[in-house]
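Q: Make a model of this:
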Amino acid sequence: MSVDTVKAAKKSPKQEQPYTELGLKDDEYARIRELLGRRPTSSELTMYSVMWSEHCSYKSSKIHLRQFAEKAPQTDALLVGIGENAGVVDAGDGWAVTFKIESHNHPSFVEPYQGAATGVGGIVRDILTMGARPVAVMDSLRFGRVDAPDTARVLPGVVAGIGGYGNCLGLPNIGGEVSFDESYVGNPLVNALCIGVMRKDAIKLATAKGKGNKVILFGAKTGRDGIGGVSVLASATFQDGDAKRPSVQVGDPFAEKVLIECCQEIFAADLIVGIQDLGGAGLSCATTELASAGDGGMRIELDRVPLREASMSPEEVLASESQERMCAIVEPAKVDDFLTICRKWDVLATVIGEVTSTGRLQVVWHGELIVDVPPRTVAHEGPVYERPIEKPPEQEAYARHDGSKLRRPGKGDELRAALLKVVASPNVADKSWVTDQYDRYVLGNTVLAQPENAGMVRLSSDTTRGVAISVDGNGRYSLLDPYTGAQLALAEAYRNVASTGARPLAVTNCLNFGSPEDPGVMWQFREAVRGLADACQTLGVPVTGGNVSFYNQTGHTPILPTPIVGVLGVIDDVTRRVTHAFRSDGAQIYLLGDTRDELGGSEWMEAVHNFLGGRPPAVDLDRERLLADVMIEAAREGLIESAHDLSDAGLAAALVESCLHGGLGAHITVPERADPFVFLFSESAGRAIVSVPRRTDDSFTDRCAQRGLPCTRIGVVDVLSPALEVAGQFDVPLTELRGAWSAPLRTLFG
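A: Sure thing, here's the model as predicted:
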């Protein structure tokens, strides 16, 4: 039967395809008809609708994302860049590392546990498809007000989902961040990152090459869970009271753990030509992307797909986002070996088709041809929108209302009270209630984990080579100035990685914004992408890939624009790593960089005055690179004992964390002519504190002087006085600091 006589063509005019219910616009449907030269079948319409959704097609962001390829450098370390499931960088000594971050925001609001859990599962499979062994995960989380009823519902479920899935997989969760803001009520952000390790010659790609090669679906059976899930939920705005619970996927971490081990044996035996995971848009995505990246076409016998429910329609099978599934391209001579390994691991595997030379993706259902399309039109040639862009009228008001009239604390007791207020605020306070639910040390290669500046893992148990990674972002900065805010996110992650002693190598990002149909949101997005691309160019780090998440708003209220940036760095010898805790009595404490009166968007404004305004701190990327160079060199040569970047809540937060995590006090002196308040609470970028043992003090300060890096001695680590003392101002016992800092989240959620 020809495709012109399938089900859709038999329907009467009164039974038009419900393309609007599938999220397609009138002009998009017209284009599909033009591409095919006929009316699409219901199955074809399903595939185009999910693959042309905002989440899968990037139709509103493509024209801006091109800057990452055009501006960011393509360094020698970059082995696989944008366009594959994840980027890959050269880690040295024949090792390669792959990493990526993606969002699972909307599903995590609808069903927090499964939404977050399957977010972890999906990003792990992305890493797996590159031929790597996943070795660690991280997450970046945003919730509404800490005391909001919605936060009380969502946060515990999200944390339990991340911990439950990751812990069952046996992957350490080595870091991340948790922040709170009113704008995330009703629209939390759950951004999950995974890191994988492989040998350089073992990289796999998502491609279907070689006529006659078999298409094998392996892993879990296909069910109705997740139908239209990510592709629909992430491509529309939530309305008040909206609930789409059937759209959320259901994960099985034990099935994924077995799938990981099965894939590792398949990779080691060199049994595949190409591989793709099944995540957003399910089989529609896997088959069209594999065929599009291949050298021919593909024919799929859809009725061979193992189902959980026999009554599923072909459209449901094509759109299902059931988890723990993979699709491999295998040469006929290797099929038996492939299936044997799958049986060994008790992984269901089924040959569902083969690669053809037709240049078309053809799908057959019980002998009936239900799909006959050029695969590239589905996977890569969707609509590209140049959305209207307009700077929001309130943008200039942020700079005018800069908080200059806010009452600042004077000296002594007022500064002390402000310090305790800020360190007890939810965004600065201890996050161990969250991170204690994650296994940080499973597999035995974790070198640094929360609450360190960055997570770090050894590449394997028989090497000292490792990688460090940090994820950072600040929605308040990005609201005040999205160009600068995105650069500050990159600068902070870059600085965090360098402070451990690792050399930053590459970037991934997850760009979380409101509706692209809002010209103001698109202005924020354009500026953030431009800022991030420019900063990557200056710092010399390539963008390896990432994710755009639009429609993060409830009704007409968008979230703060929240670009999350992950930076990965390599360290030759993990035994040279640097922690942020003060370690020895008498070590000299130095402040690196310049402190200016920069409090726009600061934690002090938020915690003490509930105020947002002003300009974010200025960015000096050349200074960031210099600071990183000095910290990396000092770590390698053993000149410093600890290092802590300065970001949220400035020096105040860094000192508190370095004291509490080391269990040692510090005696601090405010530099002459410095304002004690600005000294403690400024959030100027390009700064860090280090503690230097007396034996290397001269060598370190000479190094800073030679490199032209401002280096100011501000204090000494004091084991005999378990307190943070700011000379002439105040002192706070560590017991009181710990009580203020550690109580908030445990009191609310514990």
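
Q: Now do the strand or helix carrying Val178: which elements does it pack against?
A: For Val178, the element it lies in under DSSP states H and E is strand 173-180. In terms of contacts (3 or more Cβ pairs under 8 Å, 6 or more residues apart in numbering; DSSP states H and E), strand 173-180 is packed against strand 133-143, helix 149-169, strand 446-448, strand 455-458, strand 466-472. Just so you know, the C-beta spots here come from the backbone N, C-alpha and C atoms, and that holds for glycine as well.

Q: and Leu651, which of the three is it?
A: Look at Leu651: counting by DSSP: H, G, I helix; E, B strand; the rest coil, its state is helix.

Q: Next up, the contacts around it.
A: By Cβ atoms under 8 Å, 6 or more residues apart in numbering, the contact set of Leu651 is Leu591, Thr595, Phe679, Leu680, Phe681, Ser682, Arg687, Ile689.

Q: gap between the second one and Ala654?
A: With distances taken as Cβ to Cβ, to the nearest Å, Thr595 is found 12 Å from Ala654.

Q: quick one: which of the contacts of Leu651 sit in helices?
A: Mapping the contacts of Leu651 onto helices (DSSP state H) picks out Phe679, Leu680, Phe681.

Q: ok, of those residues, which one's closest to Gly382?
A: Of all the ones in helices among the contacts of Leu651, the one with the least separation from Gly382 (Cβ to Cβ) is Phe681, at 47.4 Å.

Q: pretty sure the closest one is touching Trp604, no?
A: Yes. Using Cβ atoms under 8 Å, Phe681 is in contact with Trp604, at 4.5 Å.

Q: Now do the shared contacts for those two.
A: Ala418, Val422, Ala649.

Q: Mind putting those into JSON lines with distance to Val88?
A: What follows is the shared contacts of Phe681 and Trp604, written out as JSON lines (distance: Cβ to Cβ, whole Å):
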{"residue": "Ala418", "distance to Val88": "46"}
{"residue": "Val422", "distance to Val88": "40"}
{"residue": "Ala649", "distance to Val88": "36"}
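
Q: any chance of those in JSON lines, with distance to Thr508 and pLDDT too?
A: As requested, those are exported to JSON lines (distance: Cβ to Cβ, whole Å; pLDDT from 0 to 100):
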{"residue": "Ala418", "distance to Thr508": "36", "pLDDT": "98"}
{"residue": "Val422", "distance to Thr508": "30", "pLDDT": "98"}
{"residue": "Ala649", "distance to Thr508": "26", "pLDDT": "97"}
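
Q: Please name the residues that touch Gly599.
A: Careful, residue 599 is Leu; it's not Gly. Gly403, Met605, Gly614, Val678, Phe681, Ser682, Glu683.

Q: How about the secondary structure of it?
A: Three-state assignment for Leu599 (three-state DSSP): coil.

Q: Give me the neighbour count for Val371.
A: Residues near Val371, counting by other Cβ atoms under 10 Å, number 30.

Q: How far off centre is the one helix or strand it maps to?
A: In this structure, Val371 sits in strand 368-373 according to DSSP H and E. With Cα atoms, centre = their mean, to the nearest Å as the basis, strand 368-373 stands 37 Å off its chain's centre.

Q: and that strand, what other elements does it pack with?
A: Judged by 3+ Cβ pairs under 8 Å, 6+ apart, strand 368-373 is in contact with helix 42-51, strand 361-365.

Q: Wait, Arg224 touches Val317, no?
A: No. Arg224 lies out of contact with Val317 (Cβ under 8 Å); the separation is 9.6 Å.

Q: more neighbours, the two?
A: Set Arg224 next to Val317 and count neighbours by other Cβ under 10 Å: Val317 wins out with 24 against 18.

Q: Surely that one is within a strand?
A: No. Applying three-state DSSP, one finds Val317 to be helix, outside a strand.

Q: what separates it from Thr356, distance-wise?
A: Counting by Cβ to Cβ, the separation of Val317 from Thr356 is 20 Å.

Q: ditto for Ser470
A: Applying Cβ to Cβ, the value for Ser470 to Thr356 is 45 Å.

Q: Those two: who's more crowded?
A: Shown here are Ser470 and Thr356; by other Cβ under 10 Å, Ser470 has more neighbours (30 against 19).

Q: Any stretches of the stretch 401-550 of the chain with poor pLDDT?
A: For the stretch 401-550 of the chain, applying pLDDT under 70 flags no range at all.

Q: just the helices in it please.
A: Under the criterion DSSP state H, counting those that start in this stretch, helices of the stretch 401-550 of the chain are mapped to 413-423, 432-435, 475-480, 482-499, 519-539.

Q: right, and the ones you listed - which one's nearest Phe254?
A: Phe254 lies closest, by Cβ to Cβ, to one member of the helices of the stretch 401-550 of the chain: helix 432-435, at 23.1 Å.

Q: Highest mean neighbour count out of the helices of the stretch 401-550 of the chain?
A: Per-stretch averages of neighbours, counted by mean count of other Cβ atoms under 10 Å, single out helix 482-499 among these, with a mean of 29.

Q: For it, name the packing helices and strands.
A: Helices and strands touching helix 482-499, as assessed by 3+ Cβ pairs under 8 Å, 6+ apart, comprise strand 466-472, helix 475-480, strand 503-512, helix 519-539, strand 562-571, helix 621-636, strand 642-645.
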